[in-house]
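K.L.:
quick one: sequence and predicted model below, then my questions.
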Amino acid sequence: MLKIILLITPVFISLFWAIALNGNKKSHTIPRTYLSKIMFLSVICFFSHFLYFAGEKEAYLYFDIILQFAGFAFFPAYYIYFRLLTVDEKFSLKAHARYLIPSLIVAAIYAAGALLAPIEEYKAFLFDRTVFPNSPYLNFMRGFGTFLRIYFFILIFITYGANYLLLKRYGDKAEQYYSDVNDGKYNNGKLLNYSILFMCIGALVAFAFGRFSLYFHDKIVYLLWSIFSITIYIIGYMGLKQKRINPTFDLEVEENNNLQVETNLKEVQELNLKKIRLLFDNNKIYLNPQLNIMEVVKEVGTNRSYISALINQKYNQNFCAFVNSYRIAELERVLNENPNSEIDKLALACGFGSISSMKRSISLKTGMSVAKWRKQNIVSK
């Protein structure tokens, strides 16, 4: 009974996120909707494995080939998801097919071998390789199985590495766009990539043992499927929270921002800086937890690159750090006027998107914990 529960759990978790990520129309984003489609690939994979390890052999025969296509497409599809978070505005089969084609070719070769094989030998390959010991088909599939393990390892390595490079390359754009430090530091994106690595390690262990061998090792199945369930849940949850890391999709060659600011007239710079200070000092625009740089751009009447460069040069801060410096100052002011206020309740009132965002902002600016910062702040006044 325990084995059945563990085998079916990742199926339900994947199905839950496939629906949940696509459920709220108001919070739809292209990456989130795309991730919901990846979760359907996960449903196919884990349901197929459920049939196999639950002993439903006749039913599994109809899913084996589908499993290969879904399984090998999962990792390149996950890489495309990271591209949608960082560099690509929308999914396009024409643009993204090249990432899927190698895996689909490998799966097609497997499918050809399965469809051309005598049915009894195909069943023997899946469930009992001790029979037909001299079968050319079984010898071919054993050799091809070795190739699949090598290919799978390479696929995992490339997926994780490519995702890491995308985060590293485009992560700074988040801090130049969002005002919430939790978005700017793209921690969810990093956790999404660590999660797929964690799941890959489990998949590699499963591949190393082989499906046929795992059938007789229940304890290993218990461990691996527990890992898969936890990882799929984390991917879905982090995907629900993750905003686009590069929401502007500026694919042009980056301008020399410092030069751009320097070549503008000094009077124009001072005028724009005055407008920015007015927005923050008088209008307190920073109290909006959802503030992003485009709202400042609209008020000042210029472009995103210029505003970003101006803040970088004048205050030696990116947009995210600049906004949160105002929020920290507001928090400091309120606490000194009302020293007994509960700081956690002030987080949203001072413009922080969450308590964790407030704590991280204070730590980044002062190097202190919230408790230490509060004690020092009140004592010093």
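P.N.:
It's in. Residues are numbered from 1 along each chain as shown.
K.L.:
right, and the helix or strand after the helix or strand of the chain with the lowest mean pLDDT?
P.N.:
One helix or strand of the chain scores below all others by mean pLDDT, DSSP states H and E: helix 257-262, with a mean of 46. Sequence order places helix 266-277 as the next helix or strand after helix 257-262, per DSSP states H and E.
K.L.:
okay, buried residues for that following helix please.
P.N.:
269, 272, 275-276 (16 or more other C-beta atoms under 10 Å). Quick note: C-beta positions are derived from backbone N, CA and C, even for glycine.
K.L.:
buried residues, stretch 221-228. List them.
P.N.:
For stretch 221-228, burial by neighbour count (16+ other C-beta under 10 Å) applies to 221, 224-225, 227-228.
K.L.:
repeat for stretch 209-223
P.N.:
So for stretch 209-223, counting by 16+ other C-beta under 10 Å, buried means 209, 211, 214-215, 221.
K.L.:
hmm, who's touching that stretch?
P.N.:
By C-beta atoms under 8 Å, 6 or more residues apart in numbering, the surrounding residues in contact with stretch 209-223 are 2-3, 6-7, 52-53, 126-127, 129, 145, 205-206, 224.
K.L.:
and these, which of them are in helices?
P.N.:
2-3, 6-7, 52-53, 126-127, 145, 205-206, 224 (DSSP state H).
K.L.:
so, low pLDDT: which residues of the stretch 1-150 of the chain?
P.N.:
Residue ranges of the stretch 1-150 of the chain with pLDDT under 70: 24-27.
K.L.:
the helices in it, which residues?
P.N.:
Assigned by DSSP state H, counting those that start in this stretch, the stretch 1-150 of the chain shows helices spanning 2-20, 30-53, 57-61, 64-86, 93-116, 119-127, 136-175.
K.L.:
would you turn the ones you listed into a markdown table with distance to residue 283 and mean neighbour count?
P.N.:
Shown next, in a markdown table, are these (distance: least, C-beta to C-beta, whole Å; neighbours: other C-beta atoms under 10 Å):
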| stretch | distance to residue 283 | mean neighbour count |
| --- | --- | --- |
| helix 2-20 | 37 | 18 |
| helix 30-53 | 32 | 21 |
| helix 57-61 | 63 | 14 |
| helix 64-86 | 32 | 22 |
| helix 93-116 | 41 | 14 |
| helix 119-127 | 67 | 16 |
| helix 136-175 | 22 | 16 |
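K.L.:
correct me, but residue 190 touches residue 167?
P.N.:
Yes. With contact defined as C-beta atoms under 8 Å, residue 190 reaches residue 167; the gap is 6.4 Å.
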